[in-house]
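Trainee: Below is the sequence, then the predicted model.
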Amino acid sequence: MREKDQPSYLEPLNPEQREAVLHTGKPLLILAGAGSGKTRVITTKIAWLIGEQGMDPRSILAVTFTNKAAREMAERARLIDARAEGAMLRTFHSFGAWFLRRNGNLAGLDSSFVIYDDDDVIALLSNIMENSPKAEVKQCAHHISRAKDYFLSPDDPQLARIDSRKKFREIYARYEERMAQIGNVDFGDLIKKPVEILRTQDEVARRFRDRFKVIMVDEYQDANVAQFQLLKELCGDRTYVCVVGDDDQSIYRFRGAEVKNILEFPDKFIGADIIRLERNYRSTSPILQVAASVVDYNRGRLGKTLRAEKGDGPLPVLVYLQNQDDEANYCADKIEKSVKKKETKWSSWAVLYRTNAQSLGFETLFLRRGIPYRVVGSLKFYEREEIKDALALLSLLVNPRDEVAFRRMINKPARGIGPVTVDKIIDAAENYGGDLLEATLNLELAKKARNSVETFLKLIKDGKNLIDNISDNEDKPAKKKNKSVKKRDGIIGGEGLSVCLTQLIVDSGLADYHKADDDVAGSNRISNLQELVNAASNYPQSREGLLQFLENIELDRSMMDKQENGDVQNAVTLITFHNTKGLEFKRVIMTGMEQGVFPREDKKGDELEEERRLFYVGATRAMDELYLTTCAQRRMYGKIMPSSPSMFFREIDEDFLQIDDRAAGWSMPSRSFAGRSFNPYNFNSGMSENNSYTAYPGRPAVKKSAALINCEWQYGQRVFHDDHGYGAVIDVKDSEDGPVVRVRFDSGKETRFLSDYQGRGFEKVSDDW
DNA sequence: TAGTTTTAAGTTTTT
DNA sequence: CTTAAAACTA
């Protein structure tokens, strides 16, 4: 079958990969296991379509979920064929933003909209829901965002699936109304609005279907319903669709990802072919074995077997430790030793954790011990007060209707403008097309308030003039004085947009305001602002530059990632499990492998399955060595709590792991272990009774029978019994009569049932959705 | 009103 | 332990 005139870049591909690259004509689903070379397939396919099929690069659209993935894809495709530069490689959201900047006017959206992040949404909602506690506001925000993930509008009957209160429907409707008045969008709108436009504007739909002849989607398992709709709308009869995904790596259910999308792809795209990539080139076989053991416990999966092309290697190591300080020290020791011995470099290592909060301990210790590291994707920078302040000022330059930004900055630093005045302005804005600045300008105010307000208006006007390149006192455009790098109040302005930003920060008084905090609290607010200014200098000082800057900040939170200690190129990676998707490291340490932390204690049913997939994702990042650490106690809210090893260890055959017991500083008086002192399957007997996952003292891992795996009763399933009330399945075991289900009821009582007992006063209760 | 002190509450995961 | 909300004082 091999033809002589095939391009050389096809040669390194295995038969399945090659088949996927050369496939044409019908929709294609590529089921690509971890490390099976899917990025290579996509990038090669792009090059092949351009080079061999004569496809115009501009007619190719490839969508990913993260900017990192999009960038990597673009880079690798370009390496194969430089013409790939012209293809559109974007995240779903950045594609949506691009679409809306051009076509949003058809949905009443001005092209200079700003994207609201979750905090902005909450701020807006708390104005709508005036007297509600913050927690309720947050929940509504969450539900609204979820609704948009599922493409549900306020009037959709299906909305009840998310939040059945009529109150929610009203709030959602009012939120949409306010958002339309303001003229901004939230994350969900970036997907939902384009679909609405494509559905109602035939001419636009035709244009897009005509332009994109090939559409590829990476990480398809993480697409939500709205994103699926978008894909559908973009596809015409002749569009070639190719999606790549792995149901075992679906880890974004909580934000609306539908594994169903991948399971049902062949139904939704009729005649689709499926190609499986099951050869793993990344990890050694013991690593894959451990990863697969856990995810095998899931029921709702297509099922696949990864083969390790790399072959054998050292067993993953399970490390039992005393507490999180020991954990950090263990990591530091392990990493440092390997680098000192010249086995590897810092950058071969990654430390994984479940929650961002866990990074702190590693950061402080690594800093002290001089281990270079970088933290990936912690959002903290943008959550900082001073950063949000500066960004709010910038937003107002572009959109004078931005209520959230206006409320935030009109009286900051304090200018004597209270909530009463602010509300008055906002009410009055209705008469000025929502323009808050115009309203402020024209509204009658007390003398004191008027003075304060004028300073603010002047500030914004000066900023706008810089952006629009208008000189204040002359009629001709101001000439650029880019080289003037002057320092004002500790902020050094540079080129481009940073000139404007510096002026805003200084003239608004923000610089002084935050400087004061630095002085008393020893914070780094000025230097954070400086960093923002530095980032801004890469953008032109124009409306477009400013919009681009704001958009990138909202959509690409990794933009401001900085190395915390040492050199970026060669540093240990500190990262959440979620953020590791698509990455690989020679050596990986999965930390905090404790019940309640990972999996989180409230996980059950489908959500527990998602935790297993997250475990799978984390473990399959490792190429050569994998370590898993678990602590006997962990500090939470400043209190020391006992903890027990993750239930995942019970799902792994004992022989698949090597136990490292040297690291534990064994001086814990209150604990005693039966048998081997470091048996990982010995669970902390001191666990509190209120944790329903913990009643497994000393039970070894057992291989599950087929009957058990297929049993409709699974760990964590909520049940109801006529006599005993509500409860949860806490164990399923084999017996001669079939699987036996053990249930612990909320009353504390435990009972066992044969699994076919259902229908006799014993029934499943669905998880609240 | 602004700025302080006291008290309560809370930690997923992300575009 | 850290942060946000509530309560309090000048």
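Mentor: Yes, it's here.

Trainee: need the contact list for the residue in chain A that DNA strand B sits nearest to.
Mentor: Proximity of chain A to DNA strand B (CB to the nearest atom of the strand) peaks at residue A:418, 2.6 Å away. Every residue, glycine included, has its C-beta placed from N, CA and C. By CB atoms under 8 Å, 6 or more residues apart in numbering, the contact list for residue A:418 reads residue A:411.

Trainee: can we see that at 10 Å?
Mentor: A:411, A:449 (CB atoms under 10 Å, 6 or more residues apart in numbering).

Trainee: Give me the distance between it and residue A:440.
Mentor: Computed with CB to CB, to the nearest Å, the distance linking residue A:418 and residue A:440 is 14 Å.

Trainee: Over to residue A:592?
Mentor: 50 Å.

Trainee: Neighbour count for the two, which is higher?
Mentor: Under the criterion of other CB atoms under 10 Å, the comparison of residue A:592 against residue A:440 puts residue A:440 first, with 28 against 23.

Trainee: Just the element for that one, please.
Mentor: Using DSSP states H and E, residue A:440 falls within helix A:436-442.

Trainee: Just the CA trace of that helix, in PDB.
Mentor: What follows is helix A:436-442, C-alpha atoms only, in PDB (Å, rounded to 0.1, in the frame of the first residue of the first chain):
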ATOM      1  CA  LEU A 436     -22.000  55.800  32.700                       C
ATOM      2  CA  LEU A 437     -19.400  58.400  32.000                       C
ATOM      3  CA  GLU A 438     -21.800  60.500  30.100                       C
ATOM      4  CA  ALA A 439     -24.300  60.100  32.900                       C
ATOM      5  CA  THR A 440     -21.700  61.200  35.400                       C
ATOM      6  CA  LEU A 441     -20.800  64.200  33.300                       C
ATOM      7  CA  ASN A 442     -24.400  65.500  33.100                       C
END
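
Trainee: Could you identify the helix or strand that succeeds it?
Mentor: Following helix A:436-442 in sequence, per DSSP H and E, is helix A:447-467.

Trainee: I'd like to know which elements that next one is packed against.
Mentor: In terms of contacts (3 or more CB pairs under 10 Å, 6 or more residues apart in numbering; DSSP states H and E), helix A:447-467 is packed against helix A:385-398, helix A:403-409, helix A:419-428, helix A:436-442, helix A:497-507, helix A:543-555.

Trainee: Figure out which of those helices is closest to DNA strand C.
Mentor: helix A:385-398 (7.9 Å).

Trainee: what distance separates that closest one from the middle of the whole chain?
Mentor: Helix A:385-398 has its C-alpha centroid displaced from the chain centroid by 23 Å (CA atoms, centre = their mean, to the nearest Å).

Trainee: Contacts only, for residue A:187.
Mentor: Residue A:187 neighbours (CB under 10 Å, 6+ apart): A:92-93, A:96-97, A:115-118, A:121, A:145, A:148-149, A:255, A:554-555.

Trainee: Selecting buried members of these in PyMOL, what would you type?
Mentor: The buried residues among the contacts of residue A:187 can be selected in PyMOL (16 or more other CB atoms under 10 Å) with this line:
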select buried, chain A and resi 92+93+96+97+115+116+117+121+145+148+149+554+555
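
Trainee: Pick out whichever of the contacts of residue A:187 sits closest to residue A:344.
Mentor: Ranked by distance to residue A:344 (CB to CB), these are led by residue A:555 at 33.9 Å.

Trainee: wait, that closest one sits on residue A:115?
Mentor: Yes: contact criterion CB atoms under 10 Å: residue A:555 and residue A:115 qualify, at 7.0 Å.

Trainee: any residues in contact with both of these two?
Mentor: A:93, A:96-97, A:187, A:190.

Trainee: Any idea how many residues pack against residue A:77?
Mentor: Neighbours around residue A:77, by other CB under 10 Å: 26.

Trainee: Tabulate the shared contacts of residue A:555 and residue A:115 (CSV), appending pLDDT and distance to residue A:60.
Mentor: Listed next are the shared contacts of residue A:555 and residue A:115 as CSV, based on pLDDT from 0 to 100; distance: CB to CB, whole Å:
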residue, pLDDT, distance to residue A:60
A:93, 96, 19
A:96, 96, 18
A:97, 96, 19
A:187, 94, 25
A:190, 96, 21
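
Trainee: CSV for those residues, including secondary structure and distance to DNA strand C?
Mentor: Shown next, in CSV, are those (DSSP: H, G, I helix; E, B strand; the rest coil; distance: CB to the nearest atom of the strand, whole Å):
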residue, secondary structure, distance to DNA strand C
A:93, helix, 25
A:96, helix, 28
A:97, helix, 27
A:187, helix, 20
A:190, helix, 25
